[in-house]
Every structure is written in C-alpha cells, then in structure tokens.
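Trainee: test case, fold it:
(2 chains)
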Amino acid sequence: MGPRLKLFLPLFLFALLALVLFRGLFLDPSEMPSALIDRPLPAFNLPALGGGQQLSRDDVTGQVALLNVWATWCVSCRVEHPYLRELADAGIPIYGLNYKDSDVAARDWLDELGDPYRLNIADREGTLGLDLGVYGAPETYLLDARGVVRYRHVGVVNEEIWREVLQPLYLELEQGAITQ
Amino acid sequence: MLASQALAVIETYDFSSPDLEVRYQQLSEELRCPKCQNQNIADSNAPIAQDLRKLLHQQLEAGASNEEILDYMVARYGEFVRYRPRFGGTTVFLWLAPVLLLMAAAGVLAATLRSRSSAVGGGGSELTEQEQAHLKSLLDKTERDS
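Mentor: Purely as a prediction, here's the structure:
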C-alpha cells in the first residue's frame, strides 16, 4: 500500500463503521428467529377450547397451516383478529393456541368477533407456549404439512406481513407438499 | 442477601436447600428475558420472565443440573436466552471479535511505533555516495556565490 493510500485508511474504516451502524438503524432487535425453525412442532396433549376433546400434534398437522398464539388479554390480538378472519375466509388453515387465558373469556371473544380458527388449543398454563418458545402474544407459526415449524412471526399479522413474508413461504411450502 | 432478593424479584420461592437458592440466583441472573431484551429474568417483571423463574425453581427442586436447565432454555428460546452463549456456530464471531480486534490494534500500534522509531533513529537519513557528492557540490556552489 502506498503511503498516500495509507492516509485514507482512517476514512475507509470510518466509512465501514458508518455503513454498519446505518444498517443497524433499520434492524429490529426484537425480531428473533425461533429456536424451533425446521424442527417439528413439540408434542402436546391439551384440551380443545370449549370442548371436552383432547388435542394432540396430529390434530393440527397434515397440511401447511398457520398456528396463531393469541389471548383475550392481548391487545394486539384484537387488532390482528379481523385480518385472520379474512385469511380464514380465503381458505388458509389457521389453528389457534389460546395462550394463558380463561376459557370463558376466549369463547366470548370468538362469539363476539368471529372465529377464524379450525381448532383452538386451550393452553391455560402456557406449557405448549413454553415448548414453542413463545414470549408474548400474538405470535404466528407457519407449519409445513409434516408439522415442522418453518417460520415464526412475532407481532400482528396484517396484510403487509402476509403478502411480503408469510404468503410467499406458504405458497412455496404448499407447492412442495403437492409435488411430494 | 435477603434485601437484594426482595429487590430483584416480586415473588419469593422456598428452596429445600440454601445451595439451590444460590444456584437460582446465579441462573436467574444469567438467563436473559426474551421479551425485554436487555434485562435478565431476575430483574424483569414481564410475564415470560415470571414464567421462566417459576420453571427455574421447579427444575432446581427437581434436581436438574445447571447444564440441563440451560439446555432446556436454549432449546426453546435459542442461544439468545443466555448472557454467556455457548462457543460455536454463530456465536464464534461474538466470542472471538474482542480478541481479534485487540490483536489488530496491537499490530497497528507495533507497525506505527516501528516506522516512527526508524524515521527518528536515522536509518533513512543515510545518503548514497552519489547524493553525498551532489550535496557537496551544492554546498560548494553556495559557498562560492556568497
């Protein structure tokens, strides 16, 4: 390196640091990949919301689906609810994980706001939530046809998230499930 | 001890042995709250931190080793949940970066010092024979002119 070029070294280093920090401005540190990505949904044996039936892993697998973690105490869940209904109306299979909630409150919620879920797992103690690594509702997991967790979205699912993040993955998985 | 515990957590747990209580303190300070990312679970009031403390208490009482408990947490929440992540995989850079940066800084310092001492020490001030002759002729010329 010539002596003249050496003089620019601090400038290069500064530019590099500035670039890294600038990128950091647009990263969301709360967006963490789930530890369960590419691993099967943990086994469970929990009651269905509102019914005496016991649910297990097999009840929510077999097709590409969304598993939505929600609760009536979760404010953002109310925000996301209408969009989940739209997705359900469009034929997307959505399973609910009613997380640390009361059955009565949850059923009232579904009666009042509509029910987008094929089934609802009543996880009153949050045990399945713990096995899934849930740290706050709402969270939405994308499961493939074999029940493997492919993606987790933390926060509200809205049209933008669906179109840009979840739908492409969903369609890709569906395509894979058909060709298999 | 009691005072710090009362400050750190809301709920209190009874332990069957003082040893377990010490380990509870250590682990709850080492485990990071997944929701409130810059707090450990001992300091956080987030519901998930409460759940993890409860779980930690249960596992300690059930006789789990520190290693088993940390593995259990990492399997669910990822390496993120530990303030001292395991060495390997994606955390290699995290662990090695300070050492590498220090070595790079030491290298730059050594190079700077060497070039500075050689500049001062006169190594570069030796003139070739040709230059000496040229210098002499210049000096002679100045002397003649004055």
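Trainee: get me the contact residues on chain A for chain B.
Mentor: A:29-30, A:32-36, A:100, A:126, A:130-136 (CB under 8 Å from any CB of the partner chain). Every C-beta, even on glycine, is put in place using the N, C-alpha and C of the backbone.
Trainee: buried only: go through the residues you listed for me.
Mentor: Among those, those that count as buried by neighbour count (16 or more other CB atoms under 10 Å in any protein chain shown) are A:32, A:34-36, A:100, A:126, A:130-136.
Trainee: okay if I get these as TSV plus pLDDT and secondary structure?
Mentor: Compiled in TSV, those are given as follows (pLDDT from 0 to 100; DSSP: H, G, I helix; E, B strand; the rest coil):
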residue	pLDDT	secondary structure
A:Met32	76	coil
A:Ser34	84	coil
A:Ala35	86	coil
A:Leu36	88	coil
A:Lys100	92	coil
A:Gly126	89	coil
A:Leu130	91	helix
A:Asp131	92	helix
A:Leu132	92	helix
A:Gly133	91	coil
A:Val134	91	coil
A:Tyr135	86	coil
A:Gly136	83	coil
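Trainee: now, among those residues, which is nearest to B:Ala62?
Mentor: Relative to B:Ala62, the closest of these is A:Leu130; by CB to CB it sits at 15.2 Å.
Trainee: doesn't B:Leu55 make contact with that closest one?
Mentor: Yes: contact criterion CB atoms under 8 Å: A:Leu130 and B:Leu55 qualify, at 7.0 Å.
Trainee: all the helices of chain B, residue numbers only.
Mentor: B:2-8, B:18-30, B:47-61, B:66-77, B:92-120, B:129-145 (DSSP state H).
Trainee: return the most buried member of these.
Mentor: helix B:47-61 (a mean of 19; mean count of other CB atoms under 10 Å in any protein chain shown).
Trainee: report all helices and strands that that one contacts.
Mentor: helix B:18-30, helix B:66-77 (3 or more CB pairs under 8 Å, 6 or more residues apart in numbering or on different chains; DSSP states H and E).
Trainee: right, and the ones you listed - which one's nearest chain A?
Mentor: Comparison of these against chain A by CB to the nearest CB identifies helix B:66-77 as nearest, at 4.2 Å.
Trainee: not counting its own residues, what contacts the closest one?
Mentor: A:35-36, A:130-133, A:135, B:23, B:26-27, B:31, B:34, B:52, B:56, B:59-60, B:64, B:81-82, B:86 (CB atoms under 8 Å, 6 or more residues apart in numbering or on different chains).
Trainee: the most centrally placed residue in chain B and B:Ala104, how far apart?
Mentor: Taking CA atoms, centre = their mean as the criterion, B:Pro98 is the residue nearest the geometric centre of chain B, at 5.7 Å. Computed as CB to CB, to the nearest Å, the B:Pro98 to B:Ala104 distance reads 11 Å.
Trainee: need the CA coordinates for the helix-or-strand element of chain A with minimal mean pLDDT. PDB is fine.
Mentor: Each helix and strand of chain A was given a mean pLDDT (mean pLDDT, DSSP states H and E); the minimum falls on helix A:3-7 at a mean of 81. Once non-C-alpha atoms are left out, helix A:3-7 reads as follows in PDB (Å, rounded to 0.1, in the frame of the first residue of the first chain):
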ATOM      1  CA  PRO A   3       1.900   6.000   1.700                       C
ATOM      2  CA  ARG A   4      -0.700   8.200   0.100                       C
ATOM      3  CA  LEU A   5      -3.300   5.400   0.200                       C
ATOM      4  CA  LYS A   6      -2.400   4.800   3.800                       C
ATOM      5  CA  LEU A   7      -3.600   8.300   4.700                       C
END
